[in-house]
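Student: Requesting a structural model of the entry that follows:
(chains A and B)
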Amino acid sequence: MANRMSRGMVPSGLVGARHRLRAGAVAVCLILCMMCSGCWDAHEIDQLAIVTVSGLDAVGDGQGVLGSVQIARPSQLGTEQGGSPTSGGGAGQTFVVVQGQANSPAAALEVIRRQVPRLLILSHRQAVVLGEAYAARGVAPLIDEMVRNPASRLRTIVLVAYHARAVDLLRASNPLERLPADAIRGLEEQSGLPRYNLKDFINGMYGPSDPFALGVRQVSSGGRPKLVIDRIAVFHKDRLAGWLSGPAMDGFLWLKGRMQTHQFTVPMPGLSGEVGVQVLSLRRRLTVDAPQGQPRAKVQLQVRTEVVENGSAFNPNDPQQMQRLQQAVERHIREEVRATLTELQSLQADAVGFGDLLYARHPRAWKPLQTQWRQRFAQMPVQLAIDVRVDRSGLTHVPPSANQTGAGPDGQAGQIGEDGGASPASGG
Amino acid sequence: MRRQLRQPRQPRRSRPILATRAVSGKSSGQGTHSDIQGKTQPPAPPAETDAAAFAAEAGDGPLSTPVPDVLAADHERLLERSLSDNLHALRQALAGSPDMVMHTLTNGSLDMAVIYVESLADVQAIHQDVLIPLHQAATSELRVGLAAGLEDWARVHVPMALRGQVDGVASAVAAVLRGDALLLVEGCSGGVVLRAAKHKERAIAEPDTEALIRGPREGFVETLATNLSLLRRRLPTAALIVETHTLGGYTRTQVALCYLEGLAPQPLVDEVRQRLARIQLDGALDSAYLEEWLEDHPFFPFPQIQNTERPDTTAAALLEGKVALLMEGSPFALIGPVNLWGALQAAEDYYERYLVVTLIRSIRFLFLLFALFLPATYVAISTFHQEMLPTKLLLSVAAAREVTPLPAVLECLLMEISFEALREAGVRLPRIVGQAISIVGALVIGQAAVQAGMASAPMVIIVSITGIASFTIPRYNFAVAIRMLRFPMIILAGTLGLFGIVLGGLLVLAHLCSLRSFGQPYLQPVTPLVWSGLRDVLVRAPHWLQPVRQSKVRRWWREEAPRG
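Tutor: Model (predicted):
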């Protein structure tokens, strides 16, 4: 007030100067306020606990869950400190696993938070591992928490521990990678089902079909535990329904069109030994329709392969033999796909996504089927049309071990003749 | 009371005054004397006008210290007819100069005197071309034409170039102190100034500050005449106008305003002339003194006038319709107007193949952004937005930062300041010591600090890249401005994160948009957009695609002038 009074008394030049001075002071204060508000959000990197993988297990019969997080230890990851970071256990461990038990995933996270002296950040979580028991109980609460939590990413992979607890898998270190999270990420990328992440899982959960997840398990080789991804967990919406493994898993990958670089061997009919082929390209087309309310599906696969290994007397220059190889490959794929479909239909789990397709293409037909889709899916006839071509047979000839003694060094024509002679007998 | 003393200072300059267009530029600087340099003014007339201006300001200007009486034009004593009186007056005026020589000589009944300063004038030439001819001529011949006028008389009898006639003691003293010889004759009022000045000058060498791989290797020196000759050799055309002005109460420094008539817009030239006229200085020792007087916005970091040591760059600027100022005693020419993009262009850009230049220019632009934003971005991301880093990178950074004691902002500021100190030490110290300093600095900051856990390795990398980035900017003064702005940017990043960087970036951008250099927008060809100008901004189009006459200023002046 005193200032305002005095303003009238001083000459105008002075008012301007004082006014400017005060405006400057106000501006400085405002800037300082603004900066303070920012400082509170700052977190130095060395005060962070970076979560690389988190796990969730069921405890007891009720709601109890055991949450666990794997936190990277940057001090063990640096190159400056020396020492091999991969030495399992002890002080040199590159990560720590912290666990907490509570009644919900979020509460478990809170329990964990209290045990960690640093700020827990989830934005770098590579994967979420679900214990089998928890998955069987239903993962909806966890998914809900992850969707709501702005720090957790939708690109996180979802894995289910096969016959194990997640927390045990989190403790397994991999000899090749510095962090188990890197190992899991790497295995996932090599598994044939890459980039099936939380977002896809959620879409499956809330769509007409069912979600699935990769199954991870721990095997012990030479006393050292390691992780393997060789199974697929099939869900009924948010509940684990069963597992696909072996041929059924391969068939699932064929159905998903994810077999672009797969290698496999087929026995050469009529000849002893096997021929290895590699997929060069795979085109997949699924069609579903429901004439008269009866759903039916057709799976068309167009597979281009090359011969990568010839462990039999197979002669790639012989068109007939080539024909038989293609048939053999086709039979192999058909068996795998059939195994998958049988398994899925017996589990009544539509992990391939026929329901999605029917809903998208024939929404009117879908509507009456919607309520009883599981049963209808289980009885749905699926027609398979598999077209296999072996494009690159290679320029090498019959393996010398399979050569018959009379062929001699000049033997290209001779070989073909002999093989050609042998084939009808073996074919019959 | 003190406030009121400060009040009367007039606003020196605001926007360029375009209304003065009608004033003819050429007539203002022209003397009536005959000289070898046709357009160069004689020293005397501007000295008078400047001194008058000086005296008018002397009452209230805070800068003005009283100028010695002998230099003040309004008090000037005229040279008398009596030689002895004149010598007495000059001896008084030059009492503090023991190296002054007053050589009196008598040829018959004619008394004459030659006055010069031994350390400035070419004694040999004076002896040979002034003293000997005057001595040996027949007295009767020597008297011929003396009554008609001293200057015409000297033209006949003295085989040395004339600068002209002086009438006042002050002008005579000024001429003598510039190194010329003054010839006085008994019975004639006034004296004749003979061109006898001879200074030691540095050899023309390649400029260290603007080195290039391909292109002319000449650089300006400290002598105005040499510099003008370097410039004139590149532009042997009558369209090259050189106007000299004299600045500095004591130094009487010659400043040459150069432009190409017909290419440089007349309002621009008038504006520069006006700004030159406003300068009040006791001494102008380098063209940098002028730069601060001539700028449009003296309080802001970005340079609005280019300086160069290269005659070829200066000539190129003149060909673009710009104006150049050369100053006695300074190897740096001032060029204006400039824009931001020019700061990213080196002389070599026009000598190297255009594809290479385009690539290099884009690298410079990228590194300009690095120099301004890189440390700030690192600080912001590592303290606020860790989720933006790839996981592996985050873990590496986390591993490196595990042991460092300081928050990232402080660490960054400290490292940047140390780097600046290191750079400053390297520039300022004698070359031999400087090398040792830089080695120690590199070891201490680069390695030992990291090993001791005082600083993190990523920070060292960031600071070094930033340092390299600031050196990729061809113009040193522009790079310094960027380096200065980096610090507030780091503080903003450390307090507000990326939001702060965006804020700071916007502020800088807005500021750049409002900057003008001699009235021309600082971001000119880009905003306001001039399509044809874009051929020489980030991309340098080949010379055959550039317009034949590429005036970079004209367009703006032509369009804007009527509005002003």
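
Student: Chain A versus the spatially closest residue to B:Leu534 that is not a sequence neighbour, what's the distance?
Tutor: Of all residues not flanking B:Leu534 in the chain, B:Pro525 sits nearest, at 5.6 Å (Cβ to Cβ, 6 or more residues apart in numbering or on different chains). Backbone N, C-alpha and C define where each C-beta goes, glycine included. Computed as Cβ to the nearest Cβ, to the nearest Å, the B:Pro525 to chain A distance reads 34 Å.

Student: just B:Val166 next, same as before
Tutor: 46 Å.

Student: Poorly predicted segments of the chain, please.
Tutor: No chain specified, so I'll use chain A. Low-confidence segments of chain A (pLDDT under 70): A:1-16, A:35-38, A:78-92, A:194, A:396-428.

Student: my bad, the chain I had in mind was chain B
Tutor: B:1-76, B:550-564.

Student: Pull up the residues of it that are close to chain A.
Tutor: Proximity of chain B to chain A, by Cβ under 8 Å from any Cβ of the partner chain, involves residues B:3-4, B:7, B:382-384, B:386-387, B:391, B:394-404, B:407-408, B:450-451, B:457, B:491-492, B:494-497, B:499-500.

Student: again, only using 6 Å
Tutor: When proximity is defined by Cβ under 6 Å from any Cβ of the partner chain, chain B lies next to chain A at B:382-384, B:387, B:391, B:395, B:397-399, B:401-402, B:407, B:495-496.

Student: for the stretch 1-150 of chain A, what spans make up the strands?
Tutor: A:48-58, A:65-72, A:95-102, A:119-121, A:127-130 (DSSP state E, counting those that start in this stretch).

Student: Mind checking those for the one nearest to B:Tyr350?
Tutor: Nearest to B:Tyr350 among the strands of the stretch 1-150 of chain A is strand A:48-58 (50.9 Å), distances taken as Cβ to Cβ.

Student: Report the residue ranges of every domain in the chain.
Tutor: All of this refers to chain A. Listed domain ranges for chain A are A:45-244, A:246-395 (source: automatic domain parsing).

Student: that answer is for a different chain, and I need it for chain B
Tutor: When chain B is cut into domains by automatic domain parsing, you get B:1-40+B:50-64+B:201-338, B:76-194, B:350-521.

Student: B:Leu183 against B:Val192, yeah?
Tutor: Yes - taking contacts as Cβ atoms under 6 Å, B:Leu183 lies within contact range of B:Val192: 4.5 Å.

Student: what's around A:Gly246, how many residues?
Tutor: 11 (other Cβ atoms under 10 Å in any protein chain shown).

Student: Starting from A:Val266, give me the distance back to it.
Tutor: 16 Å (Cβ to Cβ, to the nearest Å).

Student: what does B:Val323 give?
Tutor: 84 Å.

Student: Please apply the same query to A:Asn315.
Tutor: For A:Asn315 relative to A:Val266 (Cβ to Cβ), the value is 16 Å.

Student: How about A:Arg361?
Tutor: Distance from A:Arg361 to A:Val266, by Cβ to Cβ: 34 Å.

Student: who has more neighbours, those two?
Tutor: Each of A:Arg361 and A:Val266 has its neighbours counted (other Cβ under 10 Å); A:Val266 has more, 20 against 14.

Student: bridging residues for that one?
Tutor: A:Val275 (DSSP bridges).

Student: I figured the residue nearest to B:Leu534 was touching B:Asp536, is that so?
Tutor: No - B:Pro525 lies out of contact with B:Asp536 (Cβ under 6 Å); the separation is 7.7 Å.

Student: any idea where the strands of the stretch 151-300 of chain B begin and end?
Tutor: B:162-166, B:181-185, B:191-194, B:240-247, B:253-260.

Student: What pairs with the fourth one, parallel or antiparallel?
Tutor: Within its sheet, and counting by DSSP bridges, strand B:240-247 is paired with strand B:253-260 (antiparallel).

Student: One more: the shortest one?
Tutor: Partner strands and pairing direction for strand B:191-194 (DSSP bridges) are strand B:162-166 (antiparallel), strand B:181-185 (antiparallel).

Student: Quick check: the spatially most central residue of chain B vs A:Gly64, distance?
Tutor: Nearest to the geometric centre of chain B sits B:Ser287, at 3.1 Å (Cα atoms, centre = their mean). B:Ser287 is 81 Å from A:Gly64, where distance means Cβ to Cβ.

Student: cool, A:Ala290 as well?
Tutor: 43 Å.

Student: Between the two, which is the more surrounded one?
Tutor: Neighbour totals were compared for A:Ala290 and A:Gly64, and A:Ala290 leads with 19 against 14 (other Cβ under 10 Å).

Student: so what's the closest residue to B:Arg77 other than its chain neighbours up against?
Tutor: Distances taken as Cβ to Cβ, 6+ apart place B:Val169 nearest to B:Arg77, at 4.5 Å, with adjacent residues excluded. Taking Cβ atoms under 6 Å, 6 or more residues apart in numbering or on different chains as the contact definition, B:Val169 lies against B:77, B:89, B:93.

Student: So which of these are in helices?
Tutor: Mapping the contacts of B:Val169 onto helices (DSSP state H) picks out B:89, B:93.

Student: circling back: can the strands of the stretch 1-150 of chain A go into JSON lines with extra columns for mean neighbour count?
Tutor: Shown next, in JSON lines, are the strands of the stretch 1-150 of chain A (neighbours: other Cβ atoms under 10 Å in any protein chain shown):
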{"stretch": "strand A:48-58", "mean neighbour count": "25"}
{"stretch": "strand A:65-72", "mean neighbour count": "26"}
{"stretch": "strand A:95-102", "mean neighbour count": "19"}
{"stretch": "strand A:119-121", "mean neighbour count": "17"}
{"stretch": "strand A:127-130", "mean neighbour count": "27"}
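
Student: want to try TSV for those, with distance to A:Val167 as columns?
Tutor: Output for the strands of the stretch 1-150 of chain A, formatted as TSV (distance: least, Cβ to Cβ, whole Å):
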stretch	distance to A:Val167
strand A:48-58	5
strand A:65-72	4
strand A:95-102	6
strand A:119-121	16
strand A:127-130	9
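
Student: Which among the residues of chain B next to chain A count as buried?
Tutor: B:382-384, B:391, B:395, B:397-399, B:401-402, B:407, B:495-496 (16 or more other Cβ atoms under 10 Å in any protein chain shown).
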